[in-house]
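1. quick one, fold the following:
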Amino acid sequence: MESPTASPNYGSWRCPDGRFTKNVLEPGSGVIKPKEGARCIICVEPLADPTRCVEPLADPTRCVEPLADPTRCVEPLADPTRCVEPLSDPTRCVEPLADPTRCVEPLADPTRCVEPLADPTRSAGYPTGIWVQIELGEGDAGLDRLVDQCLETMLPGEVCRVDGLLGVQFVLKLASFEDGKEAWELDVNGKMERAARDREMGGKAFRDGNLEGAEQRYARALRLLVCTPGEAEEERIALLSNLAACDLKKGRLREAEVRCTRVLDKEPKHLKALYRRGMARAGMSDWTGARADLENLLKLDPGNKEARREILKVREKQKNEQAQISRALGKMFL
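-> Residues are numbered from 1 along each chain as shown. The predicted structure follows:
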């Protein structure tokens, strides 16, 4: 990744892929920046959203969601003496009022003014608000990847504000780091161990519904094994098949078909690849190809319930398509 050069007034830098802008608050020292595998001491501090009120309040009768009328804290009430004074912050009702009976009714949870809202910074696997040691590249959540990408541009001691896509904002501090081994420095066993760990963690991310994290793990593991000898072939095949599963989940049917074909070229009896290619072809209305894959799978694994269920659907759709074609051809000669 291209690295920013801090200006004398610290300045800002925009990532070439547009994922984030980094504003340097305190410059770091030295010239060496962390790389993948480095053990970094960091602190991630999500920035407060001024439109939300989720901090504990001393007065449980204060704070409501923004209302249609920004000059009033609640809608007009039957009692005209309650809560009609303009507030300094038109989006919140947190100013103490002279009359404790005014503003809003007490909330169910007296420690919070609203229920927790969806916050992209809360999806982080890296802990926030505390100093913690992480291994760069080991985060799977969306914010983790943003943190990793930013860390590769930072110097020890640097503090910066990160403005990401979709309004994500946080302060990132890098206290220090120790270099880890990069991929090219690993021997064959080291590469295979790291690839196996990435495949395992990718599987966990996939089961948790984190497709981006799973893809990142599988793709990195595959890159590690590109130049390894034949003993890593089985691992490469498994990774290609897993990437095809991610393609299917994301609706990338052609990519899934291509990856599965690469697997089947090397291992024609790979059950998962046969199933996934059959599903990809069915999704593209290639009923003949899908039927062939599922029938081959059932020859190898007659008890596969999913394949048996899907082949019934494929046969029915293929039958309907052929009937439509026959009707259309019949009309041509009337």
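2. contacts and neighbour counts: CA atoms only from here.
-> Will do.
3. what's in contact with stretch 280-293?
-> With contact meaning C-alpha atoms under 8 Å, 6 or more residues apart in numbering, stretch 280-293 is reached by 248, 253-254, 256-257, 274-275, 277-279, 311, 314-315, 317-318.
4. again, 6 Å this time
-> With C-alpha atoms under 6 Å, 6 or more residues apart in numbering as the test, stretch 280-293 has contacts from 253, 257, 274, 278, 318.
5. which residues in this structure form strands?
-> In the chain, the strands defined using DSSP state E lie at 12-14, 20-26, 39-46, 131-135, 159-164, 169-178.
6. now tabulate those in TSV and tack on mean pLDDT, mean neighbour count and distance to residue 287.
-> Below are the strands of the chain laid out as TSV (pLDDT from 0 to 100; neighbours: other C-alpha atoms under 10 Å; distance: least, C-alpha to C-alpha, whole Å):
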stretch	mean pLDDT	mean neighbour count	distance to residue 287
strand 12-14	89	17	47
strand 20-26	93	19	44
strand 39-46	93	21	50
strand 131-135	92	17	46
strand 159-164	93	21	43
strand 169-178	94	20	47
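7. would you turn those into JSON lines with distance to residue 233?
-> Below are those laid out as JSON lines (distance: least, C-alpha to C-alpha, whole Å):
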{"stretch": "strand 12-14", "distance to residue 233": "39"}
{"stretch": "strand 20-26", "distance to residue 233": "37"}
{"stretch": "strand 39-46", "distance to residue 233": "30"}
{"stretch": "strand 131-135", "distance to residue 233": "27"}
{"stretch": "strand 159-164", "distance to residue 233": "38"}
{"stretch": "strand 169-178", "distance to residue 233": "32"}
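8. nearest to residue 149, of those?
-> With C-alpha to C-alpha, the closest approach to residue 149 among the strands of the chain belongs to strand 20-26: 9.2 Å.
9. what about the helices in the protein?
-> Using DSSP state H, the helices found in the chain span residues 142-151, 188-207, 211-224, 233-249, 253-266, 271-283, 287-300, 305-332.
10. what about the shortest one, distance to the chain center?
-> For helix 142-151, the gap between its own C-alpha mean and the chain's C-alpha mean amounts to 11 Å (C-alpha atoms, centre = their mean, to the nearest Å).
11. what does stretch 312-319 give?
-> 35 Å.
12. so where's this structure uncertain?
-> 1-9, 48-124, 330-334 (pLDDT under 70).
13. what's the domain layout of it?
-> The chain breaks down by automatic domain parsing into domains covering 12-49+119-180, 54-114, 184-320.
14. and of these, who's closest to residue 326?
-> Closest among these, once you apply C-alpha to C-alpha, is domain 184-320, at 9.9 Å.
15. which one of the strands of the chain lies closest to residue 211?
-> Of the strands of the chain, nearest to residue 211 by C-alpha to C-alpha is strand 159-164, at 19.7 Å.
16. give me the sheet partners of that closest one and which way each runs.
-> Applying DSSP bridges, strand 159-164 is found paired with strand 20-26 (antiparallel), strand 169-178 (antiparallel).
17. can you give me the angle it makes with helix 142-151?
-> Counting by axes from the mean of the first three to the mean of the last three C-alpha atoms, to 10 degrees, strand 159-164 lies at 130 degrees to helix 142-151.
18. out of the helices of the chain, flag the one nearest residue 29.
-> helix 142-151 (14.0 Å).
19. check which residues of the closest one are buried.
-> For helix 142-151, burial by neighbour count (16 or more other C-alpha atoms under 10 Å) applies to 142, 143, 144, 145, 146, 147, 148, 149, 150, 151.
20. go on, stretch 314-334?
-> In terms of neighbour count (16+ other C-alpha under 10 Å), stretch 314-334 has its buried residues at 314, 318.
21. enumerate every residue touching residue 294.
-> So residue 294 contacts residue 278 (C-alpha under 6 Å, 6+ apart).
22. what's the spacing between residue 171 and residue 20?
-> To residue 20, residue 171 is 12 Å away according to C-alpha to C-alpha, to the nearest Å.
23. of the domains of the chain, which is nearest residue 327?
-> Proximity to residue 327 (C-alpha to C-alpha) singles out domain 184-320 among the domains of the chain, at 10.6 Å.
24. run the chain-centre distance for the closest one.
-> Domain 184-320 sits 20 Å away from the centroid of its parent chain (C-alpha atoms, centre = their mean).
25. first vs last residue of that domain, how far apart are they?
-> End residues of domain 184-320 are separated by 54 Å (C-alpha to C-alpha).
26. what of stretch 220-236?
-> The first residue of stretch 220-236 is 11 Å away from its last residue (C-alpha to C-alpha).
27. contacts for it, please.
-> With C-alpha under 6 Å, 6+ apart, stretch 220-236 has contacts from 191, 195, 198.
28. quick one: which of the residues you listed is most hemmed in?
-> residue 195 (25 neighbours; other C-alpha atoms under 10 Å).
29. now that one. Nearest residue, chain neighbours left out?
-> Nearest residue to residue 195, sequence neighbours excluded (C-alpha to C-alpha, 6 or more residues apart in numbering): residue 221, at 4.3 Å.
30. and the one you found, how many neighbours?
-> Residue neighbour count, defined by other C-alpha under 10 Å, stands at 24 for residue 221.
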